[in-house]
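K.L.:
Sequence first, then the predicted structure:
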Amino acid sequence: MAREQSIEQVRNIGIIAHIDAGKTTVTERVLYYTGRTYKIGEVHEGTAVMDWMVQERERGITITAAATSAEWAGHQINIIDTPGHVDFTVEVERSLRVLDGGVVVFDAVHGVEPQSETVWRQADRYKVPRICFVNKMDRVGADFWRTIDMIAERLEGRPLAIQIPMGAEDKFEGVIDLIEEQAWTFPPGQEEDPVSSPIPAELVEEAAKQRELLIEKTAEVDDQLMISYVEGHEVTTVELKKALRRATLASLATPVMCGAALRNKGVRPLLDAVIDYLPSPIDVPAIVGNHPKSGDLVERTASDDEPFAALAFKIVSDPYVGRLAYFRVYSGHVSEGDAILNTTHGEKERFGRLLRMHANSREDITDVYAGDIAAAIGLKKTFTGDTLSAIDEPILLESIKFPEPVVSRAIEPKTKEDQDRLGESLRRLSEEDPTFVTRYDDETGQTIISGMGELHLEVITDRLLREFRVDANVGQPEVAYKETITTEVATEGRFVRQTGGHGQFAVVKIEVRPLGRGAGIEFTDKTRGGSVPKEFIKPVETGVRQALQTGVLGGYTVIDVSVELVDGQFHAVDSSEVAFRNAGVLAIRSALNRANPILLEPVMSLEISAPDESFGDVLGDINSRRGQVNGVEPRGKLQIIKALLPLAESFGYTTDLRSLSQGRASFSMEFDHYAQVPKQVTEKVTIGRVAPAEV
C-alpha cells in the first residue's frame, strides 16, 4: 500500500509549555479546525480529547503525552500534546527525542515561566526547531512585547515577531500578518473563518516598522536575504517566507505569533505557520547510530527505500488492546506482521497490529513509512528507548536518558489477592514510565515506589486503586536521599569459607574515590598478570554495584563513586563467581565505612510569584525551611522570588503558601541538584535506619 502523503508533506510536532499556558486548549482547536473532531473539547469542562485519563480530567492538567494525527492544507501533522507539570517532564523528554519541530506556547500574562525554560532547554538539547505562540492575549495583563523580550533574555532565543496584536486584554480583536501585510480579525463564533482586511490606518506605521525590523533580523542570520537587503531590493513575501524557514530549520531564529486559543483566535494562522516554517522529516539531519557488533557509525536518511530503523519512545498498557509500543520511524517502511530486530536487546520481534493513535482511540493501518509516528501491538520485549531495525541491516540509536526519582512512598497490599495484583500492576506502570521505580525493602518487608514528585506518586497511587483495582495502604511521601564518600581509600575484601568438600575463596583489592555530582558509578579493572582471572571480573563488578545500592549511613543508594579493582587472589579449586561477588560486596562495605561517607539530599529550584503584601512572610518562610533565596524580580504588582529549597522541607508547601498569601501566591518547583545534608539533619534522618546485613 502506497503512502497517502509524500514525506515532504509530513510534520511531526510537539506542543510544549509551562503548566496552564494553554497547550491542550491549542491542541483541541487544532483538532477541531483540521476536522479531526466535530466538537471542541475544553480542559476546564473535563471534555478535552487529548486529556483522556480520568486523573487528567479531574485535575485539569495533562499527565501523559497524547499523540494524534490531523490534516491541514494537504499535509499530515502528527501532534504530541505534552504535560507542563515538572513531575511529568519525562513525557516531554521522550516526545522531543522523536519529534522534528515544536510549538512553544507562552501565557501572555506571565511570559516565560520556569517550566517554559525547562522545555526550551530540552528542545535545545535535541536541536528541535520551534515556533512560539503567545496565548491568552485576551487576559488582563497580557503583554506580547514583554513576552518576546523574556524569550530573548531568559531563554537566549532569537524571537522574530511575524505577527503583531491588534489590541490586548478585552480589546484584543486580531493580528497583523507582517509577512503578507494584512490584518486578520477573528469573529466570535468558532465556525466562522478569520476575516482578512487591509491594515487599519492607525497601525500602518507600526506594522511597516515591525516588518522592516523582521526583515533586518532575518537577514542577519540568512545570507540569501542579506544580499537582497544590502542591495536595497524590495523583499517579497515568498522570499521572506523562504528565508524565515531556512533560519527556523537551522534553529537560528524562532517565529513568534499570538492569539487567544480559548476564544478560537489565532489557531488557524498557527497551523499555516507549522506548514510554512517547521521541518518535514527530510529537512532534519539524517539519524546516526552504531552497528551493534562492530560499533561503526551508521547513517540513515529519511527515505522509504532505506533499511528500516525506528525508536520506541513510549509503552502504554491499554485496557482494550493490551501492551502498546509507540515508535517513530526514521527510515524504511514496515507492514503489519513483519519481523524486525530489537537491536537494543538483540531480540527478534514481530509487529502485530499497527495503529495510528488519536489520544486513547485508535485506527488500524497496514503500513508505516519513514517519518511516521505509530503504535504497535505484539512487541513483547520492547521498552522505552529501544531501537527497532531491519534484521539484516541492524542499527543502534542513542537511547533516551531519564532523571532519577526523588520522592518515595511505601505501599502495602491489604490482602493476598491484592499482593498478587500489585506486583503485576507495578511492573506495567514502570514499563510505561521510566521515572517510576519500584523496589522491595528486605528490612521492612515493604514495597517502595519512587517518582519525580508528590503529584507523580499521587497519580500512580490513584491509578493503582482505580485502574488496576489494587487495594493498598500507602505511606507518606519520603525523600529519596543518596549517600556518597568524600575521601579516597584502598581496601580489601576477603571471602574465605571452608565447608565439607569445596570451599569458597576470593580476595579482591580495590581503590575507591569520590567523583563529581552526577557522574554515577564507574568500575574499572586495573588488575595485572591474571591476579583475578577474567571470568571473575564481572562477578566482582556485580558485587560492587550490589553493595553500592545500600550505603552505611542509612541504607540509601551510594552515588558518584569510582571503584578500581587493582589486585586480588584466587584458588584453582575453591574460587567461584559467587565467592568473588561476595568479596566485592565486602570490599565496598569496608571502603564505605572508612571513606567519610556523607548523606545527600535533593535540592529543588523554586520560583514563587507573590503579591507585595505577603512578600516578607514568604521570604521568612523560605529561610525557615533551610532555603536559599537567589534573586527577586518585580513583575507588575507581583514579586518573583527565585530560591533553592531542600525537597525534605517542601512537603505541604502548597497549603502553607496559600495560607501566607490568602491564596494569591503561586509557585513552581523542579529538581536542581543533590547537596550534602547538614550534620544535625543527617543524624535525624538516619536514626533507627538499619545497617546493611552481612554477606
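P.N.:
Cool, the structure landed. As the structure is a prediction and not an experimental result, all values here were calculated from the model.

K.L.:
And the helices in the stretch 201-350 of the chain?
P.N.:
204-221, 223-230, 237-249, 267-277 (DSSP state H, counting those that start in this stretch).

K.L.:
just checking, what packs against the second one?
P.N.:
Under the contact criterion of 3 or more Cβ pairs under 8 Å, 6 or more residues apart in numbering; DSSP states H and E, the helices and strands touching helix 223-230 comprise helix 204-221, helix 237-249. In this view, the C-beta of every residue, glycine as well, is placed from N, C-alpha and C.

K.L.:
Turn the ones you listed into CSV, including mean pLDDT, mean neighbour count and distance to Arg517.
P.N.:
Output for those, formatted as CSV (pLDDT from 0 to 100; neighbours: other Cβ atoms under 10 Å; distance: least, Cβ to Cβ, whole Å):
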stretch, mean pLDDT, mean neighbour count, distance to Arg517
helix 204-221, 92, 16, 36
helix 237-249, 93, 19, 36
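
K.L.:
Would you reformat those as a markdown table and include distance to Glu670?
P.N.:
Compiled in a markdown table, the helices and strands packed on helix 223-230 are given as follows (distance: least, Cβ to Cβ, whole Å):
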| stretch | distance to Glu670 |
| --- | --- |
| helix 204-221 | 31 |
| helix 237-249 | 28 |
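
K.L.:
Could you point out the longest strand of the protein?
P.N.:
strand 598-611 (DSSP state E).

K.L.:
Strand partners (parallel or antiparallel) of it?
P.N.:
Counting by DSSP bridges, the strands paired with strand 598-611 are strand 482-484 (antiparallel), strand 638-646 (antiparallel), strand 666-676 (antiparallel).

K.L.:
So which of the ones you listed is nearest Arg154?
P.N.:
Checking these against Arg154 by Cβ to Cβ gives strand 638-646 as the closest, at 11.1 Å.

K.L.:
Tally up the residues packed near Val134, please.
P.N.:
30 (other Cβ atoms under 10 Å).

K.L.:
partner residues bridging it?
P.N.:
Where Val134 sits in a bridge, its partners, by DSSP bridges, are Phe106, Cys258.

K.L.:
before we move on, the earlier item: Ala648 is nearest to which of the helices and strands packed on helix 223-230?
P.N.:
Closest among the helices and strands packed on helix 223-230, using Cβ to Cβ: helix 237-249, at 43.5 Å.

K.L.:
Return the list of helices and strands in contact with the closest one.
P.N.:
Using 3+ Cβ pairs under 8 Å, 6+ apart, helix 237-249 is in contact with helix 204-221, helix 223-230, strand 254-258, helix 267-277.

K.L.:
and those as TSV, adding distance to Leu644?
P.N.:
Formatted as TSV, the helices and strands packed on helix 237-249 follow (distance: least, Cβ to Cβ, whole Å):
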stretch	distance to Leu644
helix 204-221	36
helix 223-230	44
strand 254-258	29
helix 267-277	37
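
K.L.:
Of the helices of the stretch 201-350 of the chain, which is nearest Leu553?
P.N.:
Per Cβ to Cβ, nearest to Leu553 of the helices of the stretch 201-350 of the chain: helix 237-249, 51.1 Å.

K.L.:
Contacts for the closest one next, please.
P.N.:
Here helix 237-249 makes contact (Cβ atoms under 8 Å, 6 or more residues apart in numbering) with 129-131, 160, 162, 179-181, 214-215, 218-219, 221-222, 224-225, 228, 253-255, 276-279, 283-284.

K.L.:
Same check on stretch 583-598?
P.N.:
For stretch 583-598, using Cβ under 8 Å, 6+ apart, the contacting residues are 483-489, 491-495, 506-510, 512, 514, 539-544, 546-548, 551-553, 558, 563, 568, 676-677, 682, 692, 695.

K.L.:
now do stretch 406-422
P.N.:
So stretch 406-422 is contacted by 441, 444, 446-454, 456-457, 461, 464, 468-480, 602, 647, 671 (Cβ under 8 Å, 6+ apart).

K.L.:
and those residues, which are buried?
P.N.:
By neighbour count, with 16 or more other Cβ atoms under 10 Å, those hold 446-454, 456-457, 461, 464, 468, 470, 472, 474, 477-480, 602, 647, 671 as buried.

K.L.:
quick one: which of these sit in helices?
P.N.:
454, 456-457, 461, 464 (DSSP state H).

K.L.:
Would you mind giving these as CSV with distance to Val109 and pLDDT added?
P.N.:
Formatted as CSV, those follow (distance: Cβ to Cβ, whole Å; pLDDT from 0 to 100):
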residue, distance to Val109, pLDDT
Glu454, 26, 77
His456, 27, 78
Leu457, 31, 82
Thr461, 33, 83
Leu464, 37, 82
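
K.L.:
ok, those residues vs Lys209, which is closest?
P.N.:
For those, the residue nearest Lys209 by Cβ to Cβ is His456; the value is 47.4 Å.

K.L.:
any idea how far Asp276 is from the closest one?
P.N.:
Separation of His456 from Asp276 (Cβ to Cβ, to the nearest Å): 37 Å.

K.L.:
Quick check on Tyr556: phi, psi?
P.N.:
Per-residue torsions, Tyr556: phi -90, psi 160 (degrees, to the nearest 10).

K.L.:
How about the contacts made by it?
P.N.:
Neighbouring residues of Tyr556 by Cβ under 8 Å, 6+ apart: 480-483, 550, 599.

K.L.:
Kind regards, and thank you for your time.
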